[in-house]
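Engineer: Next input, structure requested:
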Amino acid sequence: MRTYKTKYTQTALYILLLIAAFAVMGMTRRCGSYHSLPPVATGDSQGDTLDVAVVYGPLSYYIYDDTLGGLNYDLLKRMSKDTGTPVKLWPVSDLHEALTSLQKNKYDMLASLPADAAVKEKFLTTRSVFLDRLVLVQLKGKDGKQKISSALDLGKDTVFIEKGSPAASRLSNLSEETAIAIPVSEVNLSEEYLCMKVATGEFPLAVVNEKTAQRMQHQYPNLSFENPVSFSQFQVWIMPQKDTLLQKSTDKWLDSYLQSEAYQELLTRYNL
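Structural biologist: Numbering: from 1, shown residues only. Alright, predicted model coming up:
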């Protein structure tokens, strides 16, 4: 009887452990359905592999269930295929940390950022990959009116932006242009999460790329982004200042690919 009881206890334990394992797998899959990132480590691959930090977001790079997508993701995959260069992607949600790592040569490239003066002072940039612009994200009013209808209405509420974002310099310039002190808070959140925070009422205002705002509005119809904060901006891939050879080779491929029908089809797919 003792032997039978021991085996029964072990069998029951195995069954419980198996059930727990399946439960954890199910929870992981549900939680990782859209907002989770794969494990992020530092680049610095060996050999000729190109380590590219790619900004996580609805336009640049996203994960939905088991599907990978995004404009930068598709472009980098195509570049790898056309040039025969192995490319390893490192999804990043902390832009400030990614830029710091890029300066320390832990990544070879980052995709992508607006090509403003602040970026060009610190990094080499490719030619324009696509166009985008910065917009102010806020909640729609019950009467359909927006709380902020122009830049002159800014200054009352804090504007949240992603830490390290070029939006900081643009808002600083806008403050000088309008002579209005605009309170700005840089946080370690992606543009996608900034939109979510505004949609849930946790943040009053945020500034993100227009394409990100468009896609997030499909998920959160109460968001409004009708007020541009900048003119259309060239989105570029960036790399450390010493990597002139990488810049030239990347530009050479872009010069060819951006003239192709495949690129136009890609822009249509992402509504650009």
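
Engineer: Helices of this protein, residue ranges please.
Structural biologist: 2-31, 71-83, 95-103, 117-122, 167-178, 191-199, 210-219, 244-257, 261-269 (DSSP state H).

Engineer: As a markdown table, these with mean neighbour count, distance to Gln235 and mean pLDDT would be great.
Structural biologist: In short, each C-beta sits where N, CA and C put it, glycine included. Shown next, in a markdown table, are the helices of the chain (neighbours: other Cβ atoms under 10 Å; distance: least, Cβ to Cβ, whole Å; pLDDT from 0 to 100):
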| stretch | mean neighbour count | distance to Gln235 | mean pLDDT |
| --- | --- | --- | --- |
| helix 2-31 | 10 | 30 | 41 |
| helix 71-83 | 18 | 9 | 94 |
| helix 95-103 | 18 | 14 | 92 |
| helix 117-122 | 12 | 11 | 88 |
| helix 167-178 | 17 | 13 | 87 |
| helix 191-199 | 23 | 13 | 94 |
| helix 210-219 | 19 | 9 | 88 |
| helix 244-257 | 15 | 12 | 95 |
| helix 261-269 | 12 | 12 | 92 |
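
Engineer: any chance of those helices in a markdown table, with distance to Asp143 too?
Structural biologist: Shown next, in a markdown table, are the helices of the chain (distance: least, Cβ to Cβ, whole Å):
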| stretch | distance to Asp143 |
| --- | --- |
| helix 2-31 | 37 |
| helix 71-83 | 36 |
| helix 95-103 | 35 |
| helix 117-122 | 38 |
| helix 167-178 | 26 |
| helix 191-199 | 18 |
| helix 210-219 | 19 |
| helix 244-257 | 46 |
| helix 261-269 | 36 |
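
Engineer: Looking at those, which is nearest to Arg133?
Structural biologist: helix 210-219 (5.1 Å; Cβ to Cβ).

Engineer: What are the contacting residues of stretch 165-183?
Structural biologist: With Cβ atoms under 8 Å, 6 or more residues apart in numbering as the test, stretch 165-183 has contacts from 95, 113-114, 116-119, 134, 151-152, 154-155, 157-159, 161, 184, 186, 191, 207-208, 229-230.

Engineer: I should have written stretch 207-227 there, sorry.
Structural biologist: 57-59, 114, 132-140, 146, 148-151, 159-162, 165, 167, 170-171, 191-192, 194-196, 198-199, 228-229, 235, 270-272.

Engineer: Kindly recompute the last result at 6 Å.
Structural biologist: For stretch 207-227, the surrounding residues in contact (Cβ atoms under 6 Å, 6 or more residues apart in numbering) are 57-59, 132-140, 146, 159, 161, 167, 191, 194-195, 199, 229.

Engineer: any idea how far Val187 lies from Lys211?
Structural biologist: Separation of Val187 from Lys211 (Cβ to Cβ, to the nearest Å): 20 Å.

Engineer: swap in Leu171?
Structural biologist: Taking Cβ to Cβ, one finds Leu171 at 19 Å from Lys211.

Engineer: Ala98 too?
Structural biologist: Distance, Ala98 to Lys211, by Cβ to Cβ: 19 Å.

Engineer: Ok, Lys140 next?
Structural biologist: Relative to Lys211, and taking Cβ to Cβ, Lys140 is found at 19 Å.

Engineer: next one: Ser230
Structural biologist: Ser230 sits 13 Å away from Lys211, taking Cβ to Cβ as the criterion.

Engineer: And for Tyr193?
Structural biologist: In this structure, Tyr193 and Lys211 are 16 Å apart, going by Cβ to Cβ.

Engineer: got it, and Asp51?
Structural biologist: The gap separating Asp51 from Lys211 is 25 Å, by Cβ to Cβ.

Engineer: so Asp205 touches Gln138, yeah?
Structural biologist: Heads up, residue 205 is Leu, not Asp. Yes - Leu205 is within contact range of Gln138, at 5.4 Å (criterion: Cβ atoms under 6 Å).

Engineer: quick one: the residue nearest to Leu154 when sequence neighbours are not counted from Ala151, how far?
Structural biologist: Excluding the flanking residues, the one nearest Leu154 by Cβ to Cβ, 6 or more residues apart in numbering is Ile182, at 4.9 Å. Note on Ile182: its distance to Ala151, by Cβ to Cβ, is 9 Å.
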